[in-house]
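Visitor: got a sequence here, can you build the structure:
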Amino acid sequence: MSANGDNLASVAQFLFEKHPECINRILQALRERIPGINNVDIKHTEDGRLVLRFQDANFQDPFISKYVSDGTLKMFAYLVLLYDPKPNPLLAIEEPEAQLYPELLYELIEEFRDYARRGGQVFVSTHSPEFLNGAQLEEIYWLKKKNGFT
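Guide: Numbering: from 1, shown residues only. Take a look at the predicted model:
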């Protein structure tokens, strides 16, 4: 996935086509964390673009990603990264607390731990006391500026 996630739909399509067991785990994890989300799929538009669609249990028609909350999209993107069948050796995440409900931060920390148990490393920079409260003391490194450098 790109650094800004602009290819999330393409990555999801790849997972749907080549790794259905992986996308099923992602969707199950998303359903457990975002109430009302039943499914996610990909739609090809007439102009050739790929669009993510999120099915909410309370609505007949799915919402395209443009109309889904930033937090839902962000959680889906994190899960795609964390459940990648060929995980990166290092994930660097900046301020995961942005656009997420504080309750979800604890679950996200658990997902990061699971990723680390599978052999990946996760480096997170945060300003969130809620995020830090969910971390173990030995998981936290405090960085300070000294002579203009961190």
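
Visitor: run a quick neighbour tally on the closest residue to F76 other than its chain neighbours.
Guide: Spatial nearest neighbour of F76, chain neighbours left out: L30 (5.8 Å); criterion: CB to CB, 6 or more residues apart in numbering. In short, each C-beta sits where N, CA and C put it, glycine included. Residues near L30, counting by other CB atoms under 10 Å, number 20.

Visitor: any idea of the mean pLDDT in stretch 38-53?
Guide: The average pLDDT for stretch 38-53 rounds to 94.

Visitor: now the end-to-end length of that stretch.
Guide: Stretch 38-53 stretches 11 Å from its first residue to its last (CA to CA, to the nearest Å).

Visitor: i'd like the first residue to be 3 from this point on
Guide: Renumbered: residue one is now 3, and that last one reads stretch 40-55.

Visitor: in the top helix by length along the chain, what counts as buried?
Guide: Across the chain, the longest stretch assigned as helix under DSSP state H is helix 104-119. Across helix 104-119, burial judged by 16 or more other CB atoms under 10 Å covers L106, L107, E109, L110, I111, E113, F114, Y117.

Visitor: with stretch 18-33 instead?
Guide: Across stretch 18-33, burial judged by 16+ other CB under 10 Å covers F18, H21, C24, I25, I28, L29, A31, L32.

Visitor: cool, and stretch 66-77?
Guide: When burial is assessed from 16+ other CB under 10 Å, stretch 66-77 yields the following buried residues: S67, V70, T74, L75, K76, M77.

Visitor: before we move on, what about stretch 47-56?
Guide: Buried residues in stretch 47-56, counted by 16+ other CB under 10 Å: L52, L54, R55, F56.

Visitor: okay, those in TSV with distance to L10 and secondary structure next?
Guide: Listed next are these as TSV, based on distance: CB to CB, whole Å; DSSP: H, G, I helix; E, B strand; the rest coil:
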residue	distance to L10	secondary structure
L52	9	strand
L54	7	strand
R55	12	strand
F56	12	strand
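
Visitor: nearest to N90, of those?
Guide: When the buried residues of stretch 47-56 are ranked by distance to N90 (CB to CB), L54 comes first, at 21.3 Å.

Visitor: what's near enough to touch that closest one?
Guide: Going by CB atoms under 8 Å, 6 or more residues apart in numbering, L54 touches L10, A11, A14, V42, D43, I44, I66, S67, V70, L75, F78.
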